[in-house]
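# The following comprises the amino acid sequence and a computationally predicted model.
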Amino acid sequence: MRRFLLPLAIFLVLVGFLAVGLRLKPREVPSPFIGKPAPDFSLSQLHAPETLFSPADMKGQVWLLNVWASWCVSCRQEHPVLMDLAKHNVVPIIGLDYKDGREPAKGWLIEHGNPYRLSVWDHDGKTGINYGVYGVPETFVIDKAGIVRMKHIGPVTPGVLSEKIIPLVKELNGA
Amino acid sequence: MHKYLTAILLAAAFSLAQAGEAQSLAVDPVLEEKVQGLAEVLRCLVCQNQNLADSHADLAIDLKNQVREMLKQGKSEKEVIDYMVARYGDFVLYKPPLKGTTWLLWGGPFILFGGGLGALYLNIRRRRKEVALPLDDGERATAMHMLSGELEGSK
């Protein structure tokens, strides 16, 4: 009986490693921005090309920066969630329209609804690179002082919204 | 006459086309080599098992352009790498730095190797201590039979 103990133990350890490995999400690279100031930018607004927007305009508020594009397929998946969030007026959402044309982007917002307080137009994707964006959609939670508190990669699901983003926003607003 | 003219024109067009291509490749060979060198140590975040040099994903091309632009501005290779790490984390490096969060990655193979050596050592020591049991008379007779090739007879 004893001779089976060691192989069994090794087997269980392996199973443990595999079980953990299954839950890991290699696509979700931990963002080095958490706890650091959100990179600055000054970009033209999607609907008002002459007006610039920069993160400093949101000082004193907790806000979401949501990276989206009209060519992005998974953005369609998360869009209803953002629309719902916007309807309840929980937190202002600023859109970063990433590597997109102005007209297709506007058309997309007309077709699917516009949850954003405003969107800025990152035509060449430079600001996206500055934010370490690699898979649209991405969502950043930024606090009153302009510090990035959370980054979500991929579509925001109702679960992520109610379990992570909204509690965090409430906590940051309370503090 | 027409034929000759066409031939000459075509030849001229070809040589022009070739000259154009050669030029665009050789914008600045030193710079391109540097860009290529950096692109080989940076990971493409979209197709994670490729480096920037091998990847044709949009983001990889953008990042390569970013590298080229920064080098053109006179930034050092270290500055470019620091810039990428600040945005994408250590994961962007194909050779992650040795630090608190990565010691297991670097030390793991050596720990496994050490463990294997230890197990081997213990095993050998245990076997050395094992003494062969002396044979009794019957077994000795069987062994003698087998050694002299009378395997059949021993049955």
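Yep, that arrived.
# Spatially central, which residue of the chain would that be?
You didn't say which chain, so I picked chain A. The centroid of chain A falls nearest to A:Thr139 when counting by CA atoms, centre = their mean (1.1 Å).
# wait, chain B
Compute the mean C-alpha point of chain B, and by CA atoms, centre = their mean the closest residue is B:Tyr94, 8.7 Å away.
# Contacts only, for that residue.
B:40-43, B:51 (CB atoms under 8 Å, 6 or more residues apart in numbering or on different chains). Where C-beta positions appear, they are placed from N, C-alpha and C, glycine not excepted.
# Restricted to strands, list those residues.
Among these, none falls in strands (DSSP state E).
# quick check, nearest of the residues you listed to chain A?
For the contacts of B:Tyr94, the closest approach to chain A (CB to the nearest CB) belongs to B:Arg43, at 9.4 Å.
# number of nearby residues for A:Arg3?
For A:Arg3, the count of nearby residues is 7 (other CB atoms under 10 Å in any protein chain shown).
# Chain B versus that one, what's the distance?
Separation of A:Arg3 from chain B (CB to the nearest CB, to the nearest Å): 14 Å.
# Quick one: classify that residue as helix, strand or coil.
State at A:Arg3, reduced to three classes by DSSP: H, G, I helix; E, B strand; the rest coil: helix.
# A:Ala105 falls within a helix, correct?
Yes: under three-state DSSP, A:Ala105 falls within a helix.
# tell me the domain ranges of chain B?
According to automatic domain parsing, chain B comprises the domains B:1-97, B:98-155.
# Can you name the residues that contact the closest residue to B:Lys72 other than its chain neighbours?
In space, and not counting its chain neighbours, B:Lys72 is closest to B:Leu31: 6.7 Å by CB to CB, 6 or more residues apart in numbering or on different chains. Residues in contact with B:Leu31 (CB under 8 Å, 6+ apart) are B:68, B:71-72.
# Tell me how far B:Leu31 lies from B:His56.
Applying CB to CB, to the nearest Å, the value for B:Leu31 to B:His56 is 21 Å.
# for A:Thr127, same thing?
On the measure of CB to CB, A:Thr127 and B:His56 end up 23 Å apart.
# Now the element after the lengthiest helix in chain B, going C-ward?
Determined from DSSP state H, the single longest helix within chain B is helix B:103-129. Of the helices and strands lying after helix B:103-129 in sequence (DSSP states H and E), the nearest is helix B:137-147.
# what packs against that next one?
helix B:151-154 (3 or more CB pairs under 8 Å, 6 or more residues apart in numbering or on different chains; DSSP states H and E).
# quick one: average confidence on the helix it packs on?
The pLDDT scores in helix B:151-154 average 54.
# Please apply the same query to stretch A:78-96.
Averaging pLDDT along stretch A:78-96 yields 93.
# how about it, does it get close to chain B?
No: using CB under 8 Å from any CB of the partner chain, stretch A:78-96 never reaches chain B; the gap is at least 14.6 Å.
# Need the distance between the two termini of that stretch.
For stretch A:78-96, the first and last residues are 15 Å from each other (CA to CA, to the nearest Å).
# Am I right that the residue nearest to B:Lys72 sits in a strand?
No: B:Leu31 is assigned helix when assessed by three-state DSSP, not a strand.
# How much space separates it from chain A?
Distance from B:Leu31 to chain A, by CB to the nearest CB: 19 Å.
# Nice, that's everything, thank you.
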